[in-house]
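J.: could you look at this predicted model? Sequence included:
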Amino acid sequence: MLMERILKDSSVLVTGGAGFIGSNLTESLLHSGNKVVCLDNFSTGKKKNIEPFLNNPEFKLIEGDIRNYDDCLKAVKNIDIVFHQAALGSVPRSIIDPVTSTDVNIGGFVKMLFAAKESGIKRFIYAASSSTYGDHPDLPKVEDKIGSPLSPYAITKYVDELFAANFAKIYGIEVIGLRYFNVFGRRQDPDGAYAAVIPKFMKTLMKHEVPVINGDGSVSRDFTYIDNVIQANHLASVVQNKSALNQVYNIAHGERTSLNQLFTFIRTFATEFDKSILSIEPVYGPAREGDIPHSLASIEKAKRLLFYSPTINVEVGLKEAVKWYWNNL
Ligand SMILES: NC(=O)c1ccc[n+]([C@@H]2O[C@H](COP(=O)([O-])OP(=O)(O)OC[C@H]3O[C@@H](n4cnc5c(N)ncnc54)[C@H](O)[C@@H]3O)[C@@H](O)[C@H]2O)c1
């Protein structure tokens, strides 16, 4: 990436900085010469994700909750740019407990956004989601064509976009929403009921257990390696062209992989570390509620306005991820 497209010499806040995406973003922002404050309540984030930064004088941890307005105000003090990643992810979690997902993902979002506005923050970049496309049938997904949401989680992420756009209009704060598509890579949590499919398959294979594929395995997604997401956040933080501001962008690689293909990739790469994994076959379970059958992003808008150019495709990213899990689980 060109140097001028990387944020440096700024004071930034990463909410959810102890999570999967937030900790990777924090690492990259520190590496490129920024001061980083992390606000996290460790509900799904992990201390071990931020351990490598704890002795870095440019890093500050605030243990707090985005649902608490005072914590938000404390976190945005002397900050130039906010990267808002904190939320409760997972469609199934939001179906089981829509109240908490709504509290955090909408209530916490508005508190963070208002605190940012009140303290005169220049730019608020936030994690939006491909789930906002809901039941719209078109592929690839284009930013301005969305359907009805299929889960409480999807509703929360769409409402966030509405608030951000409205705050840009009424208060003049610069906002950019990045609609992530199924992000994966180092530090994504393999544990718990709401773990994402890639770390879940990986951990199951490492234990020589049988992975369960929901549905018949034909469900497909635009799986996006973490480094592409980091690139998009840097680009969103430095872009100056007015037409690029107050927008939402698809952030993906722009290729579709079915769950069956995904499983085969992971098994092949894991076999490089343990030959016996090759003989493990998946079983098929019921399809998941609230899931769309296929997802694929058009990344033309991000290419055109942010100069986004994803560098790692799903196959290369999976190879990296498998290696990471092998050495770190
Ligand atoms: N991972 C994906 O594929 C994906 C796809 C689309 C959108 N997103 C969005 O990206 C963001 C980051 O997701 P992730 O995959 O890194 O998830 P994650 O669960 O690993 O990270 C979320 C972080 O937010 C923190 N958090 C949650 N509630 C909080 C609260 N009330 N106060 C303070 N901190 C809180 C958690 O402790 C955690 O560290 C989320 O907004 C998510 O909705 C992720």
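T.: Noted; the coordinates are in hand. Numbering: from 1, shown residues only.
J.: for the longest helix along the chain, buried residues please.
T.: Counting residues, the longest helix in the chain under DSSP state H turns out to be helix 152-171. By 16 or more other CB atoms under 10 Å, the buried positions in helix 152-171 come out as 152-161, 163-164, 167-168. Backbone N, C-alpha and C define where each C-beta goes, glycine included.
J.: right, and the pair among these with maximum separation?
T.: Pro152 and Ala168 (25.0 Å; CB to CB).
J.: quick one on the thing from earlier: and the longest helix of the chain, what does it pack against?
T.: When contacts are defined as 3 or more CB pairs under 8 Å, 6 or more residues apart in numbering; DSSP states H and E, helix 152-171 sits against helix 91-96, helix 98-102, helix 109-118, strand 123-129, strand 174-180.
J.: adding mean pLDDT, write the ones you listed out as TSV.
T.: Converted to TSV, the helices and strands packed on helix 152-171 look like this (pLDDT from 0 to 100):
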stretch	mean pLDDT
helix 91-96	94
helix 98-102	98
helix 109-118	98
strand 123-129	98
strand 174-180	98
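J.: and stretch 26-43, what's buried?
T.: Residues 26-30, 34-41 are the ones in stretch 26-43 that count as buried (16+ other CB under 10 Å).
J.: repeat that for stretch 83-103.
T.: For stretch 83-103, burial by neighbour count (16+ other CB under 10 Å) applies to 83-91, 93-95, 100-103.
J.: if we check the ligand, which of those residues are in contact?
T.: 85-89 (CB under 6 Å from any ligand atom).
J.: shaky segments in the stretch 101-250 of the chain?
T.: Scanning the stretch 101-250 of the chain with the threshold set as pLDDT under 70 gives no residue ranges.
J.: could you tell me which residues of it lie near the ligand?
T.: Counting by CB under 6 Å from any ligand atom, the stretch 101-250 of the chain comes close to the ligand at 104, 108, 127, 129, 180, 182-183, 189.
J.: just the buried ones out of these, please.
T.: Neighbour counting over those (16+ other CB under 10 Å) leaves 104, 108, 127, 129, 180, 182-183, 189 as the buried ones.
J.: looking at those residues, which is nearest Tyr225?
T.: Nearest to Tyr225 among these is Val183, at 7.7 Å by CB to CB.
J.: for Met206, see how far away the closest one is.
T.: Val183 is 21 Å from Met206, where distance means CB to CB, to the nearest Å.
J.: what does His234 give?
T.: From His234 to Met206 the distance is 32 Å (CB to CB).
J.: hang on, isn't Leu39 packed against Gly64?
T.: Yes. Proximity of Leu39 to Gly64 meets the contact threshold set by CB atoms under 8 Å, at 5.6 Å.
J.: so which pair among the buried residues of stretch 83-103 is furthest apart in space?
T.: The most distant members of the buried residues of stretch 83-103, if one measures by CB to CB, are Phe83 and Ile95, lying 27.5 Å apart.
J.: could you tell me how many residues sit around Phe263?
T.: By other CB atoms under 10 Å, 21 other residues sit near Phe263.
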